[in-house]
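>>> Give me a 3D structure for the following:
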Amino acid sequence: MRSSSLLSSGQKLSSVNGVLFTGGSEKQGVYFETIKKVFQYVLDMNDAGESFPLFAQCLGFELVSVIGCKDNNILETFDAQNQASTLQFPSYSFEGTVFQRLTNLMMVAVHIFLELENDA
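Numbering: from 1, shown residues only. Below you'll find the model as predicted:
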(Lines give C-alpha, C1' and ligand atoms only; values in the text may rest on other atoms or scores of the structure.)
Protein backbone atom coordinates (compact mmCIF):
# COMPACT_ATOMS: atom_id res chain seq x y z
CA MET A 1 0.00 0.00 0.00
CA ARG A 2 1.40 3.42 -0.94
CA SER A 3 2.03 6.02 1.74
CA SER A 4 -0.57 8.36 0.25
CA SER A 5 -3.35 5.76 0.62
CA LEU A 6 -2.32 5.12 4.22
CA LEU A 7 -2.49 8.83 4.93
CA SER A 8 -5.89 9.28 3.35
CA SER A 9 -7.33 6.69 5.70
CA GLY A 10 -5.63 8.34 8.67
CA GLN A 11 -4.39 4.98 9.97
CA LYS A 12 -0.79 6.03 10.50
CA LEU A 13 -1.28 9.63 11.58
CA SER A 14 -3.86 8.75 14.20
CA SER A 15 -1.34 6.44 15.87
CA VAL A 16 1.32 9.13 16.47
CA ASN A 17 1.27 12.35 18.48
CA GLY A 18 3.13 14.62 16.05
CA VAL A 19 5.24 14.75 12.91
CA LEU A 20 8.75 15.79 11.91
CA PHE A 21 9.59 17.12 8.45
CA THR A 22 13.33 16.78 7.94
CA GLY A 23 13.72 17.58 4.30
CA GLY A 24 12.94 17.10 0.69
CA SER A 25 13.17 19.74 -1.98
CA GLU A 26 10.53 18.21 -4.23
CA LYS A 27 7.66 20.50 -5.21
CA GLN A 28 5.71 17.84 -7.08
CA GLY A 29 5.15 14.11 -7.07
CA VAL A 30 4.16 11.52 -4.47
CA TYR A 31 6.43 12.84 -1.68
CA PHE A 32 5.19 16.42 -2.04
CA GLU A 33 1.53 15.37 -2.23
CA THR A 34 1.97 13.17 0.86
CA ILE A 35 3.56 16.03 2.81
CA LYS A 36 0.66 18.29 1.79
CA LYS A 37 -1.82 15.74 3.17
CA VAL A 38 0.13 15.42 6.42
CA PHE A 39 0.27 19.22 6.74
CA GLN A 40 -3.49 19.46 6.20
CA TYR A 41 -4.04 16.74 8.82
CA VAL A 42 -1.95 18.76 11.30
CA LEU A 43 -3.99 21.90 10.56
CA ASP A 44 -7.29 20.03 10.88
CA MET A 45 -6.33 18.43 14.19
CA ASN A 46 -5.16 21.70 15.71
CA ASP A 47 -8.22 23.56 14.40
CA ALA A 48 -10.37 20.92 16.12
CA GLY A 49 -8.61 21.63 19.43
CA GLU A 50 -6.38 18.54 19.39
CA SER A 51 -2.72 19.34 19.93
CA PHE A 52 -0.80 17.73 17.05
CA PRO A 53 2.65 19.31 16.73
CA LEU A 54 4.66 19.62 13.55
CA PHE A 55 8.40 20.25 13.69
CA ALA A 56 10.08 21.20 10.42
CA GLN A 57 13.77 21.81 9.95
CA CYS A 58 15.96 22.71 7.01
CA LEU A 59 14.32 21.63 3.75
CA GLY A 60 11.31 20.47 5.73
CA PHE A 61 10.77 24.06 6.87
CA GLU A 62 11.01 25.17 3.25
CA LEU A 63 8.30 22.65 2.33
CA VAL A 64 6.04 23.98 5.09
CA SER A 65 6.57 27.51 3.75
CA VAL A 66 5.71 26.46 0.20
CA ILE A 67 2.67 24.42 1.21
CA GLY A 68 1.41 26.89 3.81
CA CYS A 69 1.35 29.85 1.43
CA LYS A 70 0.27 27.71 -1.56
CA ASP A 71 3.00 29.18 -3.75
CA ASN A 72 5.68 26.86 -5.15
CA ASN A 73 7.80 29.90 -6.07
CA ILE A 74 7.77 31.68 -2.70
CA LEU A 75 11.41 30.82 -1.95
CA GLU A 76 14.14 32.96 -3.46
CA THR A 77 17.46 31.58 -4.65
CA PHE A 78 20.73 33.08 -3.54
CA ASP A 79 24.40 32.17 -3.58
CA ALA A 80 25.49 31.24 -0.05
CA GLN A 81 28.86 29.82 -0.99
CA ASN A 82 31.68 31.29 1.10
CA GLN A 83 29.23 33.15 3.35
CA ALA A 84 30.57 33.10 6.91
CA SER A 85 28.13 32.28 9.68
CA THR A 86 28.47 31.53 13.37
CA LEU A 87 26.84 28.62 15.11
CA GLN A 88 25.09 29.80 18.26
CA PHE A 89 23.19 27.61 20.70
CA PRO A 90 20.85 29.07 23.33
CA SER A 91 22.14 28.31 26.83
CA TYR A 92 19.23 25.95 27.56
CA SER A 93 20.03 23.76 24.54
CA PHE A 94 22.87 22.07 26.42
CA GLU A 95 20.37 20.79 28.99
CA GLY A 96 18.20 19.07 26.37
CA THR A 97 18.29 15.65 24.78
CA VAL A 98 20.59 16.55 21.88
CA PHE A 99 23.64 16.93 24.12
CA GLN A 100 22.63 14.78 27.10
CA ARG A 101 25.02 11.91 26.28
CA LEU A 102 28.12 14.06 25.94
CA THR A 103 30.71 13.67 28.66
CA ASN A 104 31.80 16.74 30.61
CA LEU A 105 35.06 16.81 28.66
CA MET A 106 33.17 16.78 25.37
CA MET A 107 30.90 19.59 26.59
CA VAL A 108 33.94 21.70 27.47
CA ALA A 109 35.34 21.04 23.99
CA VAL A 110 32.08 22.15 22.37
CA HIS A 111 32.02 25.37 24.42
CA ILE A 112 35.66 26.15 23.58
CA PHE A 113 35.06 25.45 19.89
CA LEU A 114 32.03 27.74 19.82
CA GLU A 115 33.93 30.53 21.58
CA LEU A 116 36.83 30.26 19.13
CA GLU A 117 34.52 30.16 16.12
CA ASN A 118 32.45 33.11 17.28
CA ASP A 119 35.55 35.22 18.03
CA ALA A 120 37.06 34.59 14.59
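>>> Give me the helices and strands touching the longest helix along the chain, please.
Longest helix of the chain, by residue count under DSSP state H: helix 30-47. Helix 30-47 sits against helix 3-9, strand 19-21, helix 59-69, with contacts defined as 3 or more CB pairs under 8 Å, 6 or more residues apart in numbering; DSSP states H and E. The C-beta positions use only the backbone N, C-alpha and C, and glycine is treated the same way.
>>> Could you pull up the mean pLDDT of the first one?
Model confidence over helix 3-9, given as mean pLDDT, is 54.
>>> got it, and the shortest one?
Per-residue pLDDT values across strand 19-21 average out to 90.
>>> quick one: contacts of that strand?
If you take CB atoms under 8 Å, 6 or more residues apart in numbering as the criterion, strand 19-21 is touched by 13, 35, 38, 42, 52-57, 60-61, 63-64.
>>> run the last query once more with 10 Å
12-13, 35, 38-39, 41-42, 52-64, 67 (CB atoms under 10 Å, 6 or more residues apart in numbering).
>>> do the same with the longest one
The list of residues contacting helix 59-69 from outside it, by CB under 10 Å, 6+ apart, reads 19-27, 31-32, 35-40, 42-43, 54-57, 71-75.
>>> Go again with 6 Å.
With contact meaning CB atoms under 6 Å, 6 or more residues apart in numbering, helix 59-69 is reached by 21, 22, 23, 24, 25, 35, 36, 39, 56, 72, 74, 75.
>>> C-terminal to that helix, what's the next element?
Using DSSP states H and E, the helix or strand that directly follows helix 59-69 along the chain is helix 104-119.
>>> what's that following helix in contact with?
Under CB under 6 Å, 6+ apart, the answer for helix 104-119 is residue 86.
>>> domains of this structure?
Listed by automatic domain parsing, the domain ranges of the chain are 3-69, 83-120.
>>> where's the first one relative to the chain centroid, distance-wise?
For domain 3-69, the gap between its own C-alpha mean and the chain's C-alpha mean amounts to 11 Å (CA atoms, centre = their mean, to the nearest Å).
>>> Look at residue 55 and give its secondary structure.
At residue 55 the chain is in strand, as set by DSSP: H, G, I helix; E, B strand; the rest coil.
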